[in-house]
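1. Kindly return the folded structure for what I paste below:
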Amino acid sequence: MAKIKVGIIGCGGIANSKHLPALQKNEDLCEVVAFCDIVEERAKKAAEDFGTAGAKVYTDYHELLSDPSIDVVHVCTPNVAHSEITIAAFEAAKDVYCEKPMSNSPVEAQKMVDAWKKSGKQFTIGYQNRFRPEVQNLHASCVAGDLGDIYYAKAHAVRRRGVPTWGVFMDKAQQGGGPLIDIGTHALDITLWCMGNYDIDSVTGSVFYKLGGLQQATEGNLFGPWDPKTYEVEDSAMGFIKMKNGATIGLEASWALNILESREASTTLCGTAAGAEIHSGMSYDKNELIYNRGRNGQLMEEKLSPVGGVAYFGGGSGDEGCIDCRQWLEAVANDTEPLVKPEEALAVTQILDAIYQSARENKEIKF
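-> Modelled structure (predicted):
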């Protein structure tokens with residue numbers, strides 16, 4: 001079988017730290033043949049580090065999309081460009097892997113879904129945390145009904161001080177938001193996926209601009225002090241989501257909060273038969289999954305054995321980004337459905353936007 005030919009649009013941090021290493025580790029399935037960035041030097045450097053011999057370099061993504069030899073496009077640009085590029089890629093008959101969040105706007109996200117359905121091509125969003133062993137284990141338990149009726153959940157995405165100081169993370173015009181749209185999106189995706197519930201009833205939210213503009217708040221930041229004068233997005237956001245079956249989800253997202261526990265890409269699920277918590281983030285040396293339930297007249301806690309992980313999806317191994325990439329390439333090659341479905345990512349985008357809207361208008365947002 002011929003290798004899948006991949007083009008990268010956006011050659012910044014997420015392309016070089018996640019997408020390109022993962023594609024390189026799956027080189028038995030693909031080869032990266034084209035690179036595009038508005039900064040030509042960035043595209044050239046990525047091509048030198050990860051491209052095939054003779055890989056093409058562009059500064060206009062339309063030129064990359066016009067190459068009929070390219071099968072798949074990875075969209076790794078700032079959030080506000082996701083929709084325009086993804087829709088153009090479908091019109092050019094490419095399969096598309098778009099980095100999370102799907103879009104900064106639910107209207108634009110819906111346009112992406114509509115263009116995908118019209119194209120008949122493959123489409124997924126970069127929620128690689130689903131492929132972590134503890135998340136796979138929890139999802140399997142939920143599907144099996146081990147937790148019973150899950151009626152309360154928390155989606156955790158809180159850093160004590162973890163403001164990203166590179167790229168355009170603090171630029172509202174480029175990203176559309178801060179920690180809610182950056183890391184809150186992962187925690188909410190895990191929670192909804194494990195609950196298997198995307199039927200939203202209402203959303204209420206609060207958004208805070210408290211620490212981003214304070215010089216003294218930059219002390220101890222994981223990535224070094226940020227510039228308060230250029231910090232434009234929220235530093236914390238909290239949401240309350242009610243589903244149509246009555247289940248509720250509390251979502252907490254922050255890059256900077258005066259709190260002791262830093263916990264992100266994590267979830268807490270409470271069911272009628274048992275509960276479960278994933279611990280992950282800056283406060284934890286390693287990721288944990290803890291089930292809690294009653295047994296033999298006592299309350300019990302169960303943890304994953306520390307004997308190692310499990311290989312998923314055709315023998316793939318390595319980090320979750322590598323495994324995510326492999327199942328995506330196999331979905332393209334075999335015309336099977338990717339694990340992360342566009343409609344699920346659309347629901348996440350709709351909830352995140354509703355939290356912002358609720359905070360702006362000081363009211364509950366009904367779906």
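
2. Low-confidence stretches in this protein?
-> 306-318 (pLDDT under 70).

3. what about the helices in it?
-> For the chain, applying DSSP state H gives helices covering 13-14, 20-25, 40-50, 61-65, 82-91, 106-119, 133-144, 172-175, 179, 185-195, 320-334, 342-361.

4. Out of the ones you listed, which is closest to residue 241?
-> helix 342-361 (5.8 Å; C-beta to C-beta). Backbone N, C-alpha and C define where each C-beta goes, glycine included.

5. Point out the other helices and strands that that closest one packs with.
-> helix 106-119, strand 123-125, helix 185-195, strand 200-208, strand 236-243, strand 365-366 (3 or more C-beta pairs under 8 Å, 6 or more residues apart in numbering; DSSP states H and E).

6. Compare these and give me the one nearest residue 272.
-> Comparing the helices and strands packed on helix 342-361 by C-beta to C-beta, helix 185-195 comes nearest, at 13.2 Å.

7. Please convert the helices and strands packed on helix 342-361 to TSV, extending it with mean neighbour count and distance to residue 341.
-> Compiled in TSV, the helices and strands packed on helix 342-361 are given as follows (neighbours: other C-beta atoms under 10 Å; distance: least, C-beta to C-beta, whole Å):
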stretch	mean neighbour count	distance to residue 341
helix 106-119	18	10
strand 123-125	26	8
helix 185-195	25	10
strand 200-208	18	16
strand 236-243	22	18
strand 365-366	15	23
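
8. Redo these as a markdown table? Include distance to residue 50.
-> Converted to a markdown table, the helices and strands packed on helix 342-361 look like this (distance: least, C-beta to C-beta, whole Å):
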| stretch | distance to residue 50 |
| --- | --- |
| helix 106-119 | 26 |
| strand 123-125 | 20 |
| helix 185-195 | 24 |
| strand 200-208 | 37 |
| strand 236-243 | 34 |
| strand 365-366 | 42 |
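
9. Please list all residues in contact with residue 202.
-> 241, 242, 364, 365, 366, 367 (C-beta atoms under 8 Å, 6 or more residues apart in numbering).

10. ok, of these, which one's closest to residue 343?
-> residue 367 (14.2 Å).

11. can you tell me which residues contact that closest one?
-> 200, 201, 202, 203, 350, 354.

12. mind running it again at 10 Å?
-> 199-203, 241-244, 347, 350-351, 354 (C-beta atoms under 10 Å, 6 or more residues apart in numbering).

13. Pull up the gap between it and residue 146, please.
-> From residue 367 across to residue 146, the span is 29 Å (C-beta to C-beta, to the nearest Å).

14. Just read off the phi/psi values of the most centrally placed residue in the chain.
-> Central residue of the chain (C-alpha atoms, centre = their mean): residue 127, 3.8 Å from the mean position. Main-chain dihedrals, residue 127, degrees, to the nearest 10: phi -100, psi 70.

15. Pull the contacting residues for it.
-> Contacts of residue 127 by C-beta under 10 Å, 6+ apart are 99-102, 135, 185-186, 188-190, 193, 265, 320, 324, 339-340, 344-345, 348.

16. Great, nothing more from me.
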